[in-house]
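Participant: return a 3D structure for these sequence lines:
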Amino acid sequence: MTRIAIIGSGPTGIYTLKGLVSSPRPMSITVFEETPDAGKGTPYHPAVNDRAMLANIASIELPPIVEGLVDWLRSHSLERLQELGIGTDDIGEREFYPRVVLGEFLADQFWKLVKKGLEAGHSIDVRASHRILDIKLNATDIDLTYRSGRGEEGRATFDHVVMATGHDWPEDTEISPGYFSSPWPAAAIKRIGPVAVGVLGTSLSGIDAVVSVATSHGMFLRDDAGSLRFEADPDASGFHLTMMSRKGLLPEADFYCPIPYLPLTICTEEAVRRLIHEKPASLLDDVFELFRQEIAYADPDYAASVGLGLASVETFADRYFKARQEADPFVWAARNLAEAKHNKEHRITVAWRYAILRMHEVVAIAVPHFNVDDLKRFHKHFKTVFVDDYATVPHASVERLLALHVAGRLEVVALGEDYEIKRPAHESGAVVEIAGNEMRFDAFIDATGQHALSASDLPFPSLRQPNALKKAQTMATTVEGDQTLKRTGGIDIDDDFRPRVQPGVSNKLYCVSVPFLLHKLPFVQGITSAHEMGMKVASAITASLDNGSMLLQSGSTKQNLSPTEIVAASDTVA
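Facilitator: Presented below is the predicted three-dimensional model:
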């Protein structure tokens, strides 16, 4: 059997396994998981997340594994649903659930996939509590060095290795007293006392941090009118939260729209691919023109209200955010939440929001082809519009922020571009300086989310060796008009997520680890992306095996190939 290793059993590893076990060709699959319980994934693991933390993917958006999330929830008894904190009336295709519930679902689906694969004739070995120490590319195969939970080290050799290591969070997030580099694990920030707490980031990660700390010093309750309010503990008089970001904006509430997505009219995948081939020098501006035409077609009133006809790549974000920045963030949040609830109840779609949501996947096709200047322009000016539009949050998350604000426990501050965060040597927390003014916090949480990493950040020594993996780069034009390649950060991959390697070593390593892809694939986060990457990699592996089999069957000369020559020939075809 072909030997395949999957490093990581989170969503990407699960969808890779799903694609592999559906193949009629028997395979030997080994899944390495660092934690003791396989299948849950860091963003959904109970050891990392607080039960109050909500996932921002609705059931209808979650690609089925063995079964869909709604069907899985409905298969449980009332007692089990109560254990999960889910009421029968809470189950629906457009509902959101705690992260830990998704973790339970993913783990259940993982083990059902394992059972399905074994019944189909595959050999599957799940090695929980196994940490991969190194990945070494050989001429025709790949060595993995690992350490088990008992401290035993070993090495195993595979034909294909899928690096699905997911998010990269440090083991100890309290890097100095009272200063946390991440909201995860939630148990760490729940130790924060009833003090002044600063939270850097106003996205869902920031909301997770705020809610997790808040539930350590009080509780959320519904009053007789159905409104959510926050009741602080008697000893929490000094408890206060401040969320901060450059713009000081809160994310908007999840909005209703048709799923699966309706087709776009102007900014289509075909149109973008045509520009990639025909106008590479002006690609970003030409893609923006398609974007502008699509919005004007979908929602002419909105286009007129923001002056879309005068907008450019550099100025559209200012027009997009202008009204929100001029409003009080909590007044805007309350109004937006009311609109989102009404639209969900009456199945009303806001056309311009839906157009931007659908276009982020199409525009993403062009990003790896931007020249170095356009890539910088995209990240600095344009990307934030798409992120804001697709990273909307559950209605319950907005309600909690509003309840904390009404209780006098939460405010939002816009930092702008000129600010500095300091960690005093002999004090807990941090000091934030803005234009000469200081804000002091007894505890501080960096909740800005996963940051992009480069090849030099890989935790595998052999892959960090000079020239082991090619670093991502894109085209740049000099003053004289000459073209050259410049580094963009991240790992250079092909269309099947295989890192580009030097000649003479196996190219059967697949990198679907999000931090190393963000430089050129800025939207490749979340379970839907995990599904796309996992199925793509599984398809590439099975296609490689099919090509190798065709070589063996295509003539007497090839039938006499040695095992090494068979693998080499398979590499050539693949």
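Participant: just the strands in the stretch 251-400 of the chain please.
Facilitator: In the stretch 251-400 of the chain, no strands are defined using DSSP state E, counting those that start in this stretch.
Participant: residues contacting Gly39?
Facilitator: Counting by C-beta atoms under 8 Å, 6 or more residues apart in numbering, Gly39 touches 9, 14, 33, 106-111. Glycine gets a C-beta too; all of them are placed from N, C-alpha and C.
Participant: can we see that at 7 Å?
Facilitator: With contact set as C-beta atoms under 7 Å, 6 or more residues apart in numbering, Gly39 has these partners: 9, 14, 106-107, 110-111.
Participant: write the ChimeraX selection for whichever of these are buried.
Facilitator: In ChimeraX, a selection of the buried entries from these looks like this (16 or more other C-beta atoms under 10 Å):
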select :9,14,106,107,110
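Participant: what about the residue nearest to Ser237 when sequence neighbours are not counted, distance to Ala236?
Facilitator: Using C-beta to C-beta, 6 or more residues apart in numbering and skipping the chain neighbours, the partner closest in space to Ser237 is Pro194 (7.2 Å). According to C-beta to C-beta, to the nearest Å, Pro194 and Ala236 sit 4 Å apart.
Participant: what do these two both touch?
Facilitator: Both Pro194 and Ala236 are contacted by His217, under the criterion C-beta under 7 Å, 6+ apart.
Participant: just the contacts of Gly39: which are in helices?
Facilitator: With helices defined by DSSP state H, the entries of the contacts of Gly39 inside them are 14, 106-107, 110-111.
Participant: closest to Lys322 out of those?
Facilitator: Leu106 (39.9 Å; C-beta to C-beta).
Participant: please give me every residue in contact with that closest one.
Facilitator: 11, 14, 39-41, 44.
Participant: ok, now Ser397?
Facilitator: Contact analysis of Ser397 by C-beta under 7 Å, 6+ apart lists 54, 204, 207.
Participant: so the second one touches Val393, yeah?
Facilitator: When you say that, I think you mean Leu204. Yes - using C-beta atoms under 7 Å, Leu204 is in contact with Val393, at 5.1 Å.
Participant: any residues in contact with both of the two?
Facilitator: The contact sets of Leu204 and Val393 overlap at 56, 251 (C-beta under 7 Å, 6+ apart).
Participant: which of the three states applies to the residue nearest to Ser237?
Facilitator: Judged by DSSP: H, G, I helix; E, B strand; the rest coil, the three-state class of Pro194 is coil.
Participant: might you list the low-confidence residue ranges for the protein?
Facilitator: 168-170, 472-489, 548-574 (pLDDT under 70).
Participant: mind checking the longest helix of it?
Facilitator: Criterion DSSP H: the longest helix present in the chain is helix 527-552.
Participant: assign Glu438 to helix, strand or coil.
Facilitator: Three-state call for Glu438 (three-state DSSP): strand.
Participant: who's in contact with it?
Facilitator: Contacts of Glu438 (C-beta under 7 Å, 6+ apart): Val431.
Participant: neighbours around the nearest residue to Ala340 once chain neighbours are set aside, how many?
Facilitator: The shortest distance from Ala340 to any non-neighbouring residue, by C-beta to C-beta, 6+ apart, is to Ala253 (3.9 Å). Residues near Ala253, counting by other C-beta atoms under 10 Å, number 22.
Participant: what of Ala304?
Facilitator: 11.
Participant: before we move on, the earlier item: quick one: which of the contacts of Ser397 sit in helices?
Facilitator: Mapping the contacts of Ser397 onto helices (DSSP H) picks out 204, 207.
Participant: which one of the contacts of Ser397 is nearest to Asp374?
Facilitator: Closest to Asp374, out of all of the contacts of Ser397 and judged by C-beta to C-beta, is Leu204, at 28.6 Å.
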